[in-house]
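>>> Need a 3D model of the following:
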Amino acid sequence: MTASPLLPDAPRWTTVLDGWRGGGGTLSARLTAALQAAVTSGHLTPGERLPAERPLASLLGVSRSTVVAAYDDLAAGGWVTRRVGSGTHVSATAPRRSPVMTLRTPVAAPHVGDTLDFTIAVPLLTEAQRVQMRAAAQDAFVESVYHPHGLPELRAVIAGIYTREGLPTRPEQVVVTSGAQQAISLIAGALLRRGDHALLETPTYFGAIDVFRAAGAELHGLPVGPQGVNPDDFQRLVRAHGPRLAFLTPTYQNPTGTVLPARARQHLGALIADANLPTIEDDTLYDLGFADTPPPPRLSACAPDAPIVNVGSLSKLYWAGLRVGWMRLPTALAGPLGQAKTLADFGGSLPAQHIALHLLQKLDTLRRDRQAQVSAARDLLATLLRQHLPEWTFRVPDGGQYLWIELPGGGASRYTHVAAPHGVRLFPGASMGVEPLPDRYLRLPFTLDPARLPDAVIRLRYAWDEFRGRPGQEGLA
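Numbers count the residues shown, from 1 in each chain. From the prediction side, this is the model:
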């Protein structure tokens, strides 16, 4: 059987049509409803071209007739126009909304039945941790004061952590934020203008890609190899494009788990300093190492005079619902970034910051507990995948939260749609590419409840058998 043609922007359409099979009616009716919703939400705008029938059918794992029927229904309702030779376009008379970006960042879907979600990494919260947080929040109700840059005691504790780990930091260099995502957004908003160039690893954290795109920047990808990025590639891209901002994760890189060696950090730090290029160093996974030896010093510690902003949070170390992050600011950027935080809000939640203060005073214990939990889940997931899906290849990382899976033959975006009816929600790794990546990767977090991992891998296996059994994807109705 001849395989169907590939959809050029499969990861984008996977996101636009995420969960399209939900609801009632025939498959064509569900697809019609999903495309109508994409138009009314602003994700598809008047004049935009829809995918050709065969590639979209292949992506979604349905027959071409299903897509044809959906497009015919849309045309009958005035949602699209269809012309031989020019394709199918959203109609100029379709409901108009302000354009909305198609985000790379997965959004948690409403809980449907017994679906297991591999799109996001959310640490499990134990009852002991709930008790711990309730007790830690008691001191939060003794004052009614705005702290735009964060609770002073918390800023001092965070500064002390950086100082002890080789990066001398004063409390006034720390700005507390509502999670690391807000920190990244504030930095991009303050330092980027529409049309500026920005440099990010590829693949990288999709939240950073979305923020930089929303700022109107032109993005350039710095390839991630087995040992992280190559400083020579960094220097070449800086010279070629003159970026205004860079985003790097030297330690337990998301999604590959790589760790940039110490010598490469020294070289890269010197290049950043020479270029005077503001750079975000993502520290959010820094505490999640599994090896007996700690990772190399932070990039900013290797180049203390470089304009490197460290961004951290408690979301990965403790709990995603505790929205406390921070920026460690170099002196040169303290003014604009401190002002950006004050303009964004008058201060984060005091209960959350008091909880964070209590937790970070026991950082070594937090790290040990979390590392033990995550490393056990990592090893279990790796063992199960090798047993049930030996065709998949991956490297077991020394830290972080993810396995970066390579599928033989590609088609990861199509596989995510095959897996959905089996009760597994996945996200194609190509969506984490700053520039086009081969569509053969999946990012699997090992933060799912370990008791559910055996069932999850069996479901992945069943979906894989179905996917491999229909190379043309035309047998599905």
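
>>> Which residue ranges of the stretch 101-250 of the chain form helices?
According to DSSP state H, counting those that start in this stretch, the stretch 101-250 of the chain carries its helices in the segments 127-136, 152-164, 180-191, 206-214, 231-241.

>>> helices or strands next to the first one in the packing?
For helix 127-136, the contact count by 3 or more Cβ pairs under 8 Å, 6 or more residues apart in numbering; DSSP states H and E identifies helix 350-360 as packing neighbours. Just so you know, the C-beta spots here come from the backbone N, C-alpha and C atoms, and that holds for glycine as well.

>>> what's the angle from the helix it packs on to helix 152-164?
Between the axis of helix 350-360 and that of helix 152-164 there is an angle of 30 degrees, by axes from the mean of the first three to the mean of the last three Cα atoms, to 10 degrees.

>>> Who are the packing partners of helix 350-360?
Packed next to helix 350-360, using 3+ Cβ pairs under 8 Å, 6+ apart, are helix 127-136, helix 152-164.

>>> and the closest residue to residue 208 other than its chain neighbours, what are its bridge partners?
The shortest distance from residue 208 to any residue other than its chain neighbours is 4.8 Å, reached at residue 247 (Cβ to Cβ, 6 or more residues apart in numbering). The residues paired with residue 247 through beta bridges, assigned by DSSP bridges, are residue 200, residue 280.

>>> hang on, isn't residue 247 packed against residue 207?
No: the pair residue 247 and residue 207 does not pass the contact test of Cβ atoms under 8 Å, sitting 10.0 Å apart.

>>> of these two, who's got more company?
Neighbour count, other Cβ atoms under 10 Å: between residue 247 and residue 207, residue 247 has more, with 26 against 19.

>>> Looking at the helices and strands packed on helix 350-360, which one is packed in the most?
The highest mean neighbour count among the helices and strands packed on helix 350-360 belongs to helix 152-164 (a mean of 18), with neighbours defined as mean count of other Cβ atoms under 10 Å.

>>> Packing partners of it?
The criterion is 3+ Cβ pairs under 8 Å, 6+ apart, and the helices and strands that helix 152-164 contacts are strand 174-177, strand 325-328, helix 350-360.

>>> make it 6 Å
Applying 3 or more Cβ pairs under 6 Å, 6 or more residues apart in numbering; DSSP states H and E, we find helix 152-164 packed against strand 174-177, helix 350-360.

>>> Check these for me and report the most buried one.
Neighbour counts (mean count of other Cβ under 10 Å) averaged over each of these peak at strand 174-177, with a mean of 25.

>>> Partner strands of it and their direction?
Strands that pair with strand 174-177, judged by DSSP bridges, come out as strand 325-328 (antiparallel).

>>> other SSEs contacting the next helix or strand after the strand it pairs with?
Toward the C-terminus, strand 325-328 is succeeded by helix 334-344 as the next helix or strand (DSSP states H and E). Helices and strands in packing contact with helix 334-344 are listed as helix 180-191; criterion 3+ Cβ pairs under 6 Å, 6+ apart.

>>> now with 10 Å?
Taking 3 or more Cβ pairs under 10 Å, 6 or more residues apart in numbering; DSSP states H and E as contact, the helices and strands that helix 334-344 lies on are strand 174-177, helix 180-191, strand 325-328.

>>> Rounded mean pLDDT for that helix, please.
Mean pLDDT, taken over the full extent of helix 334-344, equals 94.

>>> Spell out which residues make up each domain of this protein.
Taking automatic domain parsing as the reference, the chain has its domains at 10-90, 116-126+365-469, 127-361.
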